[in-house]
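K.L.:
no sequence for this one, just the structure:
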Ligand code: SF4
Ligand code: ZN
Ligand code: ZN
């Protein structure tokens, strides 16, 4: 395989794009692709203060590196979930995130679940039915709340997460199998700000995991190599495995699935959630002040308030 740009030996072959590139041109190509996606969906510009959620893994560090190189104003947020029992997952992940930020002179905010709410994620998962049934669902709720709170309190304009194409296609498959119209109506790469919620964007939604791993490797980024111990029970892994099989025999499956979904969203195939926005404008959680659709305490405060 030869690089399409310079003809040298290719370092990466992206069958879904029918494109092979050498390391030098791949390291130029991925930031350019990411920037085009940011601009196409008007995610943010260079005047915005952007908060990026950083886990210490390859996706979030690759994305942060790219946004930094492109000249966007970024600060990172690492959420210490206290997952340090069977393996020291959280503390080691934090070290990778902190070293990355220090090497580039970037600011990394740290939010510790245990320091702020006196409980680690594993403890919370043991104590609650939702956590026992599905720790990742509980974790998602906790992370969304802390991310939004940090963005609101820190005066950021936009919140960035490093969800990649593999994540988005797996979530889409799960929501389609359940015909969850509520979730299908909110799967776009830009969720506009709503009262009490910052705008949330996913610049890597069209970037597959293989590309972000290749970028991190070729760029010399050191990332947390171990998976979270809870991930082995995550349903998303099953969906990812099926999608990977389909992708291997039909390259481009994930990208087509996601792109056709975006077209369906744009054509109004799913409800637009306006009713929810109106309810959200009217109701605030009495404990944390975040909007809540149910009235009374929000889902996060129901977890932490005894
Ligand atoms: Fe949270 Fe699940 Fe991810 Fe672990 S695998 S960090 S519990 S969402
Ligand atoms: Zn080249
Ligand atoms: Zn609340």
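P.N.:
Perfect, I can see it now. Quantities reported herein were computed from a predicted structural model and do not represent experimental measurements. Numbers count the residues shown, from 1 in each chain. Ligands and ions are numbered 1, 2, ... in the order given.
K.L.:
so residue 76: helix, strand or coil?
P.N.:
Assigned with DSSP: H, G, I helix; E, B strand; the rest coil, residue 76 falls in the strand class.
K.L.:
which regions of the chain lie under the pLDDT threshold?
P.N.:
For the chain, applying pLDDT under 70 flags the ranges 273-282, 306.
K.L.:
mind listing the helices for it?
P.N.:
Assigned by DSSP state H, the chain shows helices spanning 23-40, 58-70, 89-104, 113-117, 121-127, 129-133, 135-153, 165-177, 181-184, 209-219, 235-249, 253-266, 274-282, 299-304.
K.L.:
so for ligand 2, which of those helices sits nearest?
P.N.:
helix 23-40 (3.6 Å; CB to the ion). C-beta coordinates here come from the backbone N, C-alpha and C atoms, glycine included.
K.L.:
what's the closest one packed up against?
P.N.:
Judged by 3 or more CB pairs under 8 Å, 6 or more residues apart in numbering; DSSP states H and E, helix 23-40 is in contact with helix 58-70, helix 209-219.
K.L.:
quick check: the gap between the closest residue in space to residue 164 that isn't next to it in sequence and ligand 2.
P.N.:
What sits nearest to residue 164 in space, not counting adjacent residues and going by CB to CB, 6 or more residues apart in numbering, is residue 204, at 4.8 Å. Distance of residue 204 to ligand 2, computed by CB to the ion, to the nearest Å: 23 Å.
K.L.:
now, of the helices of the chain, which is deepest in the fold?
P.N.:
Counting by mean count of other CB atoms under 10 Å, helix 58-70 has the highest mean neighbour count of those, with a mean of 24.
K.L.:
was I right to think residue 162 contacts residue 204?
P.N.:
Yes: Residue 162 is in contact with residue 204 according to CB atoms under 8 Å; the separation is 5.3 Å.
K.L.:
give me the nearest residue to residue 235, chain neighbours excluded.
P.N.:
residue 174 (6.6 Å).
K.L.:
so which bits of the protein are right by ligand 2?
P.N.:
3, 5-6, 22, 25 (CB under 5 Å from the ion).
K.L.:
would you mind giving those residues as CSV with distance to ligand 3 added?
P.N.:
Shown next, in CSV, are the residues of the chain next to ligand 2 (distance: CB to the ion, whole Å):
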residue, distance to ligand 3
3, 52
5, 51
6, 54
22, 50
25, 48
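K.L.:
ok, the residue of the stretch 201-306 of the chain found nearest ligand 1 - contacts?
P.N.:
In the stretch 201-306 of the chain, the residue that lies nearest ligand 1 is residue 228 (3.1 Å; CB to the nearest ligand atom). Contact analysis of residue 228 by CB atoms under 8 Å, 6 or more residues apart in numbering lists 83, 89.
K.L.:
repeat the analysis, applying 6 Å as the threshold.
P.N.:
residue 89 (CB atoms under 6 Å, 6 or more residues apart in numbering).
K.L.:
ok, residue 110 next?
P.N.:
Counted by CB under 6 Å, 6+ apart, residue 110 has contacts residue 78.
K.L.:
what do you get for residue 201?
P.N.:
Neighbours of residue 201 in contact, by CB under 6 Å, 6+ apart: 43, 158, 160, 190.
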